[in-house]
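Undergrad: no FASTA, just this:
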C-alpha cells in the first residue's frame, strides 16, 4: 500500500494540496479534523491518523517525544493493518491501494512512517513571513506560525536527506500561480497517471482555496 504523505508547516498550503489530491481520486478516508478557522474548516487530516501520531508528539516544542520511536512504529503498523482491512473506508474498485495522509506533525516522523509504508513525500513550502501572517490571521498560538515552521522545515528536510528516496517539494506560490502544472508534477512523482482525467476538478479546488 502506498501513502502519499503531504507535509509542511501550518499555513503552508498543505490543506489546498491535500484537498486537490482527494478531488483527484486518492482516498483520504475521513472523518477529517475540523479546525477553528472558518476559511478552512476541513483540514483533510484523517482523524484516525491524528489519533495515531499526536500522542507521540510534544506540541509545545513541536517535536517527537524522546524514546517514542519504536512505540510510534508499532502504532503505525496497527494503523496500516486497519487501513488495509478497509476499517476506515472501502478501497476504490480496480485501483491499487493508496491513500493520502496529511498532518503537519507527521513532518517530524517521516523515517518512522517510511519504515511502515511505501511513502511518497510531498513537501509544501511557503515563505516564513507568509506562514506567520496566516497564523496571526487565525489567532493561533505562536508555535503554529514562523516558530513552528522553522522547526518543521529543518527537521523534515534533514530527515528526508537521510532517507535513500526522492521527495517532491512544491511552493505555495507555484501551486497558486501555476496550479495545473504543479498538480501534474505531483501526478508524475506519485505515479498516479490513471487519475489524470480528474485534473481539472483538482485544480479547481486549489483555485477556490486561493
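TA: Received, thanks. If you're wondering where the values come from, they're calculated on a predicted model, not measured in any experiment. Numbering: from 1, shown residues only.
Undergrad: so residue 165 touches residue 111, yeah?
TA: No. Assessed by Cβ atoms under 8 Å, residue 165 is found out of contact with residue 111, at 10.7 Å. The way it works is simple: take the backbone N, C-alpha and C, and place the C-beta from them, glycine included.
Undergrad: so the two - more neighbours on which side?
TA: residue 111 (15 against 11; other Cβ atoms under 10 Å).
Undergrad: and the host helix or strand of the more buried one, average pLDDT?
TA: Element membership for residue 111, per DSSP states H and E: helix 110-116. With pLDDT averaged residue by residue, helix 110-116 scores 97.
Undergrad: elements contacting that helix?
TA: On a contact count with 3 or more Cβ pairs under 8 Å, 6 or more residues apart in numbering; DSSP states H and E, helix 110-116 meets strand 2-7, helix 69-84, strand 118-125, helix 146-162.
Undergrad: just the helices in this protein please.
TA: In the chain, the helices defined using DSSP state H lie at 14-24, 47-53, 69-84, 110-116, 128-138, 146-162, 172-177, 179-190, 199-209.
Undergrad: and the first one with strand 118-125, angle?
TA: An angle of 130 degrees separates the directions of helix 14-24 and strand 118-125 when computed by axes from the mean of the first three to the mean of the last three Cα atoms, to 10 degrees.
Undergrad: quick one: distance of helix 14-24 to the chain centre.
TA: 9 Å (Cα atoms, centre = their mean, to the nearest Å).
Undergrad: go on, the fourth one?
TA: In terms of Cα atoms, centre = their mean, the centre of helix 110-116 is set 14 Å apart from its chain centre.
Undergrad: what sits up against that helix?
TA: 3, 5, 7, 69, 72-73, 76-77, 80, 101, 106, 119, 121, 156, 159-160, 162-163, 165 (Cβ atoms under 8 Å, 6 or more residues apart in numbering).
Undergrad: hey, what's residue 168 bridged with?
TA: Counting by DSSP bridges, residue 168 is bridged to residue 122.
Undergrad: that one contacts residue 183, correct?
TA: No. Using Cβ under 8 Å as the test, residue 168 is too far from residue 183 to be in contact (11.4 Å).
Undergrad: comparing these two, which residue is more hemmed in?
TA: It is residue 183, of residue 168 and residue 183, that has more neighbours when counted by other Cβ under 10 Å, with 25 against 16.
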